[in-house]
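A.B. asks: sequence and predicted structure below; questions after.
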Amino acid sequence: MIGADDLASGKGRLTSTGDGAKLTVTGRLRVIRHLTAVVGGVRVDAWTEVRVTEG
């Protein structure tokens, strides 16, 4: 899964790609390391988010 293809703006930019598919994007790459947390009484393990933002 790459991202949502149904944006409020109607542009529908991102979608799912197949395994091994290449995707070319332009923007700023952010790698965010989330710590383990408890959300609503449920433990959520640590995870890494990779995000590309415009600009």
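C.D. replies: Thanks, I have the structure now. Numbers count the residues shown, from 1 in each chain.

A.B. asks: in contact with residue 49, which residues are there?
C.D. replies: By Cβ atoms under 8 Å, 6 or more residues apart in numbering, the residues touching residue 49 are 30-34. Just so you know, the C-beta spots here come from the backbone N, C-alpha and C atoms, and that holds for glycine as well.

A.B. asks: in its sheet, what does the lowest-mean-pLDDT helix or strand in the chain sit against?
C.D. replies: Sorting the helices and strands of the chain by mean pLDDT, DSSP states H and E puts strand 47-53 at the bottom, at a mean of 86. Strand 47-53 pairs in its sheet with strand 28-34 (antiparallel), by DSSP bridges.

A.B. asks: so what does the next helix or strand after the strand it pairs with touch, helix or strand wise?
C.D. replies: Using DSSP states H and E, the helix or strand that follows strand 28-34 in sequence is strand 37-39. Helices and strands touching strand 37-39, by 3 or more Cβ pairs under 8 Å, 6 or more residues apart in numbering; DSSP states H and E, are strand 42-44.

A.B. asks: that older thread, and which of the contacts of residue 49 is nearest to residue 41?
C.D. replies: Closest approach to residue 41 among these (Cβ to Cβ): residue 34, at 17.8 Å.

A.B. asks: distance of the closest one relative to residue 19?
C.D. replies: Applying Cβ to Cβ, to the nearest Å, one obtains 25 Å for the distance of residue 34 from residue 19.

A.B. asks: go on, residue 54?
C.D. replies: Note on residue 54: its distance to residue 19, by Cβ to Cβ, is 26 Å.

A.B. asks: compare the two (neighbour count), which wins?
C.D. replies: Neighbours of residue 54 and residue 19, each counted by other Cβ atoms under 10 Å, are more numerous for residue 54; the result is 8 against 4.
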